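Undergrad: My questions concern the predicted model and sequence given below.
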Amino acid sequence: MFGTQAVAAASDWLPYAAAFAPLLAAVIAGWIAWRTLAQRRQADRRDQWWKRTQWAIDLAMERDFSRAIVGLVALKHLAASDLCTDEDYELLDKIGGAKIDALTLSEESARRAVPEPQHPDREAAGQAAPQTAAPPGAAARATGFPITLESRGERVLAASAGMAKVLAEADRLVSFVVSQRGRQGRRESGTVPNG
């Protein structure tokens with residue numbers, strides 16, 4: 001008798017299961033469709049973010065200081081996005097550093113390329129040119145604009161106000177990216193401080 005009751009009890013839930021099977025299938029299909037749509041939306045957002053980033057990189061590398069500033073500011077803004085990955089932070093860090101290097105190295109090269117004033121009449125007579133207290137290029141440096149690069153811990157002189165602004169924005173970008181990379185690393189490791 002015990003065996004027949006088990007068969008009867010098992011068959012009691014079958015009509016209910018059969019009635020809910022289409023609902024369960026619909027819920028699963030809906031969840032799959034929602035996940036696919038969410039992934040597609042995220043991919044589209046990421047694609048648009050990358051297009052904006054490419055535009056900003058092109059501007060940041062311009063020789064025109066005002067355009068470069070716009071590009072660097074845009075890159076800093078884009079770096080604050082939740083779409084920015086570790087690889088993107090590394091790329092933005094390198095771009096900011098490359099802009100700083102390009103400006104500071106070109107400035108240093110320009111200073112070295114400026115020859116010291118020659119006094120042909122004294123050299124011809126065998127007399128040495130008088131030594132001035134200021135090193136070569138000091139006049140240009142005296143009118144330079146001092147910029148402290150926080151990301152590198154150094155102070156440089158820019159030849160113009162535009163160059164100084166670009167250096168400052170590139171330094172802000174690098175410093176911001178470094179702070180974001182550190183914050184994202186703490187978030188992924190689960191050690192986000194409170195406050």
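TA: Perfect, thanks for sending it.
Undergrad: So Arg152 lies in a strand, does it not?
TA: No: counting by DSSP: H, G, I helix; E, B strand; the rest coil, one finds Arg152 to be coil, located in no strand.
Undergrad: Could I get the contacting residues of it?
TA: 100, 171 (C-beta atoms under 8 Å, 6 or more residues apart in numbering). Placement of C-beta: from N, CA and C, glycine included.
Undergrad: Quick one: name whatever helix or strand follows the helix or strand bottoming out on mean pLDDT in the chain.
TA: Counting by mean pLDDT, DSSP states H and E, the chain has its least confident helix or strand at helix 138-142, which shows a mean of 47. Next along the chain after helix 138-142, taking DSSP states H and E as the criterion, comes strand 145-149.
Undergrad: Show me what the next helix or strand after that following strand is packed against.
TA: Downstream of strand 145-149, the next assigned helix or strand under DSSP H and E is strand 154-158. Counting contacts by 3 or more C-beta pairs under 8 Å, 6 or more residues apart in numbering; DSSP states H and E, strand 154-158 packs against helix 86-113, strand 145-149, helix 161-189.
Undergrad: Ok, which of these comes nearest Ala21?
TA: When the helices and strands packed on strand 154-158 are compared by C-beta to C-beta, helix 161-189 sits nearest Ala21, at 40.5 Å.
Undergrad: Check which residues of the closest one are buried.
TA: For helix 161-189, burial by neighbour count (16 or more other C-beta atoms under 10 Å) applies to 163-178, 180-181.
Undergrad: Kindly list the longest helix within this structure.
TA: helix 2-60 (DSSP state H).
Undergrad: which other residues reach the helix or strand following it?
TA: Using DSSP H and E, the helix or strand that follows helix 2-60 towards the C-terminus is helix 65-79. Residues from elsewhere that reach helix 65-79 (C-beta under 8 Å, 6+ apart): 49, 52-53, 55-62, 84, 88-89, 92, 95-96, 99, 160, 162-163, 165-166, 169-170, 172-173, 176-177, 180.
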